[in-house]
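A.B. asks: pasting the structure only:
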């Protein structure tokens, strides 16, 4: 049976017309349900397969460089036998050379003894059988299980596929009557994040209170002991910090070469206790002006104090950030789970207010302290991008509708064309689901997928216009009955439409496997294929009555 007879048979039967509407509705509902059921997941851009990644190491505040080096050695030991790793560079108490990821991750600001960074170069993608992000997920679990102890945070940082952000998921905590109360609330939020299976590298970007020790010189006792105060200060400085004492002059050098001196390893204490510091002071001796050796511990006193935490702010408002990365998942799904868990668990203690979008405010029922939780990071970029593209899609539909109204002078027919264009979302979604089945990694509906969907609106509208204009011409010039004219128009225009579809499918298949533009390619393939089916069967059904009114006028 020819296509013309099939279409004509559908148009002449109310049951078959209803069946077309029913099948279309079912497919559309199934396509939309793929989002809440997580059959198809959305993400701004998929992970990027790169040739390097970084590791950020943060020990608890007050840890020494010696402690940091032990953790670095542990990490390197776990990585050095990995066949895909070429070399590792370690940076203690400083950040690595600034790269694309480190521009906004405050890498250059690191100067604490408790901090370190590692830069790992791996084989080119053509020389390995695993993507860099899957390799990182495997190594992360291995390294963290072995080396992440005693409040140590080890984070694996990859080059971002899109705009660089502080982290994939950022929770900004504002408010509270004091820094301590804000930090306590932040810890509660971080614990919720830790309950999510796909959230990793969770960290609170603030320092904790820790003990520091100040050495106070007893000037009177030093003078009575015949000790020169400047000599005593210099000795203490040499023992713990070291100093430049001279230079080496070399006629071939562009500048003088400094000589840096520090007394053995006095700076390295057995632990961070007052007793360990006092033990080191006992081991230091100084000669007075009578040639006698005097222990420095008799000339100085140790004062214990609490190191004040660093307070950060944004838009002149103090805040604390909780950051997290995702492991083989989009940010929105663990966020929604975390948000639901916060509402459930915090409701006994706080009055919860839903502010804008996904953000929340918490008011303590007893103290009336208010904490504002604002989500940021790559999640916010994703939401903004999808909102912008969604707005562009709606504007495109409205403009096409208005153009069709101006052209056909009929609102119903113009609405049918726009509806037919919108139905192509079925093909876009099912193409992504099929692609996800046949690929190793999750194939997301991305921002580029939405760009492809927007482009499909014009293609589908053109197909509908071809059928309508030709059917109208057959009715007027050849006096065909409307149903017969639509059936013949659909059959006649099917060849140029399918040729256009095949050209787009073959061209788009070249980018279907691309990390960034794969969504665009798959959207065009699935959308154009379903647009052909829509043009041949759905369009004739929805334009039937409207075309009859236009012709009769």
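C.D. replies: Right, received. Where do you want to start? Note that the structure is predicted; figures quoted are calculated from it, not measured.
A.B. asks: same for whatever helix or strand residue 398 lives in, what does it pack against?
C.D. replies: Counting by DSSP states H and E, the element that carries residue 398 is helix 378-408. Packing contacts for helix 378-408, counted by 3 or more C-beta pairs under 8 Å, 6 or more residues apart in numbering; DSSP states H and E, involve strand 169-175, helix 332-346, helix 411-422, helix 447-478. In short, each C-beta sits where N, CA and C put it, glycine included.
A.B. asks: what is the mean pLDDT for it?
C.D. replies: Helix 378-408 carries an average pLDDT of 86.
A.B. asks: and the angle for it with helix 447-478?
C.D. replies: Calculated by axes from the mean of the first three to the mean of the last three C-alpha atoms, to 10 degrees, helix 378-408 forms an angle of 10 degrees with helix 447-478.
A.B. asks: wait, residue 529 sits on residue 500?
C.D. replies: No: using C-beta atoms under 8 Å, residue 529 is not in contact with residue 500, being 11.5 Å away.
A.B. asks: okay, residue 230: pLDDT?
C.D. replies: At residue 230, the model reports a pLDDT of 82.
A.B. asks: any idea which element it lies in?
C.D. replies: Counting by DSSP H and E, residue 230 is part of helix 229-240.
A.B. asks: okay, buried residues for that helix please.
C.D. replies: 232, 235, 236, 238, 239, 240 (16 or more other C-beta atoms under 10 Å).
A.B. asks: per-residue confidence at residue 268?
C.D. replies: 58.
A.B. asks: no wait, residue 121
C.D. replies: Looking at residue 121, its pLDDT is 92.
A.B. asks: okay, strands next: where are they in the stretch 51-200 of the chain?
C.D. replies: 52-58, 85-92, 115-122, 153-158, 169-175, 199-204 (DSSP state E, counting those that start in this stretch).
A.B. asks: want to try JSON lines for the ones you listed, with distance to residue 382 and mean neighbour count as columns?
C.D. replies: Output for the strands of the stretch 51-200 of the chain, formatted as JSON lines (distance: least, C-beta to C-beta, whole Å; neighbours: other C-beta atoms under 10 Å):
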{"stretch": "strand 52-58", "distance to residue 382": "21", "mean neighbour count": "22"}
{"stretch": "strand 85-92", "distance to residue 382": "31", "mean neighbour count": "15"}
{"stretch": "strand 115-122", "distance to residue 382": "27", "mean neighbour count": "22"}
{"stretch": "strand 153-158", "distance to residue 382": "17", "mean neighbour count": "20"}
{"stretch": "strand 169-175", "distance to residue 382": "10", "mean neighbour count": "23"}
{"stretch": "strand 199-204", "distance to residue 382": "16", "mean neighbour count": "21"}
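A.B. asks: same list, those, but as a markdown table with distance to residue 142 please.
C.D. replies: Formatted as a markdown table, these follow (distance: least, C-beta to C-beta, whole Å):
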| stretch | distance to residue 142 |
| --- | --- |
| strand 52-58 | 12 |
| strand 85-92 | 12 |
| strand 115-122 | 13 |
| strand 153-158 | 11 |
| strand 169-175 | 23 |
| strand 199-204 | 13 |
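A.B. asks: how far away is the residue minimising distance to the centre of the chain from residue 220?
C.D. replies: Nearest to the mean C-alpha position of the chain, by C-alpha atoms, centre = their mean, lies residue 168 at 2.6 Å. Using C-beta to C-beta, to the nearest Å, we find residue 168 at a distance of 59 Å from residue 220.
A.B. asks: again, but for residue 351
C.D. replies: Taken as C-beta to C-beta, the span from residue 351 to residue 220 is 60 Å.
A.B. asks: of those two, give the one with the bigger neighbour count.
C.D. replies: A direct count of neighbours by other C-beta atoms under 10 Å for residue 351 and residue 220 places residue 351 higher, at 13 against 8.
A.B. asks: run through the stretch 451-553 of the chain and note the low-pLDDT ranges.
C.D. replies: 551-553 (pLDDT under 70).
A.B. asks: how about the strands in it?
C.D. replies: Read by DSSP E, counting those that start in this stretch, the stretch 451-553 of the chain holds no strands at all.
A.B. asks: my guess is residue 357 meets residue 383, correct?
C.D. replies: Yes: with contact defined as C-beta under 8 Å, residue 357 reaches residue 383; the gap is 6.8 Å.
A.B. asks: more neighbours: which of those two?
C.D. replies: Neighbour count, other C-beta under 10 Å: between residue 357 and residue 383, residue 383 has more, with 16 against 10.
A.B. asks: name the residues that touch the longest strand belonging to the chain?
C.D. replies: For the chain, the longest strand by residue count, based on DSSP state E, is strand 317-326. Residues outside strand 317-326 that contact it (C-beta atoms under 8 Å, 6 or more residues apart in numbering): 155-156, 166-174, 179, 182-183, 186, 189-190, 193, 198-206, 311-313, 334, 377.
A.B. asks: pairing partners for it, with directions?
C.D. replies: Paired strands of strand 317-326, with direction, are strand 169-175 (antiparallel), strand 199-204 (antiparallel), strand 312-314 (antiparallel) (DSSP bridges).
A.B. asks: for that strand, buried residues please.
C.D. replies: For strand 317-326, a neighbour-count test (16+ other C-beta under 10 Å) marks 319, 320, 321, 322, 323, 324, 325, 326 as buried.
A.B. asks: quick check: angle from it to helix 332-346?
C.D. replies: For strand 317-326 against helix 332-346, the angle by the same axes, to 10 degrees is 120 degrees.
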